[in-house]
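Asks: generate a structure from the sequence data that follows.
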Amino acid sequence: MKKPDFVYVTYIATTLEKVWQALVDTDVTRKYWMDPVAGCVRVNVSDWQPGSRWEHQRLDDARTTDIVGKVVESNPPRRLVITWARPNEAEDESKHSRVAFDIEPYGDGLIRLMVTHDDLERDPQMLEGISGGWPKVLSNLKTLLETGHALQHSPSAT
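Replies: This next block holds a predicted model:
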């Protein structure tokens, strides 16, 4: 039996372009993509062209890469689709999951961001990790775009 995909929807008082920039610009990503348990900030690095590699890197001295993938679709500022895999599984596409970011206007001054992470049925450990991770990251993204300041997470709060 197939496990459900992970879907997260949030509404942000901002513009399409600012949500897009927050997803692809490392200077913005570093402001909200943090891991309080590991005590590190992460960025997503790519040229964001279809077929290009992307990496989810820690901002540590080694620039440790935690997740890798390929850009499947890049349609600024409305849709970004990437594959998602552990670095040691990068060459085995059967172990990749997929993340789609759909960005659209919703009402007056709101943007609807829907993140769909699918193809997780063969990796329950990844499903468990992203189920806790995406809500934290996307809440932090929303807060940053609406207030100019990211949420401050501490390990004891998670």
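Asks: tell me the mean pLDDT for the biggest strand by length in the chain?
Replies: Longest among the strand segments of the chain by residue count, using DSSP state E, is strand 65-75. Regarding strand 65-75, the rounded mean pLDDT is 97.
Asks: and what of stretch 48-57?
Replies: Taken as a whole, stretch 48-57 has a mean pLDDT of 97.
Asks: now do the end-to-end distance for that stretch.
Replies: Counting by Cα to Cα, to the nearest Å, the length from the leading to the trailing residue of stretch 48-57 is 15 Å.
Asks: residues of that stretch that come out buried?
Replies: Trp48, Trp54, Glu55, His56, Gln57 (16 or more other Cβ atoms under 10 Å). (Glycine included, C-beta is placed from N, CA and C.)
Asks: how about stretch 134-153?
Replies: Applying a neighbour-count criterion of 16+ other Cβ under 10 Å, one finds 134, 136-145, 150-151 buried in stretch 134-153.
Asks: what of stretch 102-120?
Replies: Buried residues in stretch 102-120, defined by neighbour count with 16+ other Cβ under 10 Å: Ile103, Ile111, Leu113, Val115, His117, Asp118, Asp119, Leu120.
Asks: excluding chain neighbours, what is closest to the second one?
Replies: It refers to Ile111. Spatial nearest neighbour of Ile111, chain neighbours left out: Ile12 (4.9 Å); criterion: Cβ to Cβ, 6 or more residues apart in numbering.
Asks: thought that neighbour was touching Leu23?
Replies: No - shown here, Ile12 and Leu23 do not form a contact pair, counting by Cβ atoms under 8 Å, at 11.8 Å.
Asks: tell me what the longest helix along the chain is packed against?
Replies: In terms of residue count, the longest helix belonging to the chain (DSSP state H) is helix 124-147. Under the contact criterion of 3 or more Cβ pairs under 8 Å, 6 or more residues apart in numbering; DSSP states H and E, helix 124-147 touches strand 6-12, helix 16-24, helix 26-32, strand 111-118.
Asks: one step back: list the ones among the buried residues of stretch 48-57 that fall in strands.
Replies: When DSSP E defines the strands, the subset of the buried residues of stretch 48-57 inside them is Trp54, Glu55, His56, Gln57.
Asks: can you tell me which of these is nearest Lys70?
Replies: Distance ranking of these against Lys70, using Cβ to Cβ, places Trp54 first at 7.1 Å.
Asks: wait, isn't that closest one in contact with Lys70?
Replies: Yes - applying Cβ under 8 Å, one finds Trp54 in contact with Lys70, separated by 7.1 Å.
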